[in-house]
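J.: 3D model of this:
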Amino acid sequence: MIGHTEQRIGTAYAMPARCQVWVRITESAGPSGPQVAILASLLLSAIQVRVIYRAGSARSERPVDEIALTMPMVPLGERVARPTQVIRGPHGGSSLSLQLFDHERRSLTEEREIGACVDGVREASLAFVARVNVVAWVAPRGHGDRPDRHLRLDGELVFLGGVFARLKARPFHRVTDAEGVTVDLPLTHPGTTLRLPERLIERDLPGSPAISLGFLDGDGNTVGRERVVDPSRYS
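T.: Numbers count the residues shown, from 1 in each chain. Prediction:
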């Protein structure tokens, strides 16, 4: 029988990311104040999974006894978009600013001025680091007692903390900093999970080599430590 126990291989990662915010302002001269439509999204950096086949169990095996394949898990620029939110800005003119916070209201970036709240489009991009878990689930492919030559590899990207974009509209002639309009846009919550496309990896190669998995960033740098795929789960 083929085992049906999945093996979890994961690691924590401080992922470089960007928050892109697009703001469209209309009716800035109207009696109700400007209408501000806000569209925010996250742009993620690349993550790859590395599958290593080794003819021996020792790490010191010669390169000829090792085959490594690299497959994309998270493509560069993967976008996590959120629905547009519409607010009313202060009447009489104001300036807009943007800042990122986590779910405990700790700042992830400095505050960025993005311009006056008048008709038109404003854009801003803020770089920050997202705390995530990169996870690969390895499981047998197929059912019944006929072994499949492949294993299924499913991926997940789990956000460990929330990310919020705070947009402020401060009146030009305010008396205190408390005046104006503030809106917090949730981009992720703790536990927000991005499902990644399924991959297939060979399980039966000549010589029955051991299989290990590891993760790489977009520049090919190692993320976390390499882990051995347990063959007893799939026998």
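
J.: when you work out contacts or count neighbours from here on, use the C-alpha atoms and nothing else.
T.: OK.

J.: next, G220: phi, psi?
T.: With angles defined as degrees, to the nearest 10, G220 sits at phi 90, psi 10.

J.: and it, how many neighbours?
T.: Look at G220: counted by other CA atoms under 10 Å, it has 13 neighbours.

J.: what sits against it?
T.: G220 makes no contacts at all, as judged by CA atoms under 8 Å, 6 or more residues apart in numbering.

J.: so how far is R152 from it?
T.: 23 Å (CA to CA, to the nearest Å).

J.: can you check A12 too?
T.: 22 Å.

J.: before we move on, what about I211?
T.: According to CA to CA, I211 stands 13 Å off from R152.

J.: over to P16?
T.: On the measure of CA to CA, P16 and R152 end up 28 Å apart.

J.: have a look at these two and say which one is more surrounded.
T.: Higher neighbour count among P16 and R152: R152, with 19 against 15, using other CA under 10 Å.

J.: where does this protein dip in pLDDT?
T.: Low-confidence segments of the chain (pLDDT under 70): 1-4, 56-64, 141-148, 174-178, 203-208, 231-235.

J.: neighbours of the residue nearest to E179 when sequence neighbours are not counted, how many?
T.: Sequence neighbours aside, R170 is the residue nearest to E179 in space, at 6.7 Å (criterion: CA to CA, 6 or more residues apart in numbering). Per other CA under 10 Å, the neighbour tally for R170 reads 23.

J.: quick one: residues contacting R170.
T.: Contacts of R170 (CA under 8 Å, 6+ apart): 90, 94-96, 177, 179-181.

J.: residue nearest the centroid of the protein?
T.: In the chain, the C-alpha nearest the mean C-alpha coordinate belongs to L44, at 5.1 Å (CA atoms, centre = their mean).

J.: shouldn't that one be in contact with L76?
T.: Yes. Assessed by CA atoms under 8 Å, L44 is found in contact with L76 at 6.4 Å.

J.: tell me how far the residue of the chain positioned farthest from its centre lies from V23.
T.: The outermost residue of the chain, judged against the average C-alpha position, is P31 (40.9 Å), by CA atoms, centre = their mean. Computed as CA to CA, the P31 to V23 distance reads 20 Å.

J.: do the same with G224
T.: Applying CA to CA to G224 and V23 gives a distance of 38 Å.

J.: with neighbour numbers in mind, choose between the two.
T.: Neighbours per residue (other CA under 10 Å) separate G224 from V23, with V23 holding more: 21 against 14.

J.: picking up where we left off before, now do the SS call for the residue nearest to E179.
T.: Recorded secondary structure, R170: strand (DSSP: H, G, I helix; E, B strand; the rest coil).

J.: got it, and A29?
T.: Here A29 takes the coil state, with states given by three-state DSSP.

J.: for it, give me its contacts.
T.: G92.

J.: list phi and psi for it.
T.: phi -100, psi 0.

J.: for the one 4 residues further on, same thing?
T.: G33 adopts backbone torsions of phi 90, psi 170, taken as degrees, to the nearest 10.

J.: what sits closest to it if chain neighbours are left out?
T.: Excluding its sequence neighbours, the residue lying closest to G33 (CA to CA, 6+ apart) is H91, at 4.2 Å.

J.: ok, now which ones touch that neighbour?
T.: By CA under 8 Å, 6+ apart, the neighbours of H91 are 28, 31-34, 171.

J.: for E27, see how far away it is.
T.: 10 Å.

J.: mutual contacts of these two, please.
T.: Counting by CA under 8 Å, 6+ apart, the contacts common to H91 and E27 are 33-34.

J.: so which bits of the strand or helix carrying M71 are buried?
T.: Element membership of M71, judged by DSSP states H and E, is strand 66-74. By neighbour count on 16 or more other CA atoms under 10 Å, the buried set for strand 66-74 is 66, 72-74.
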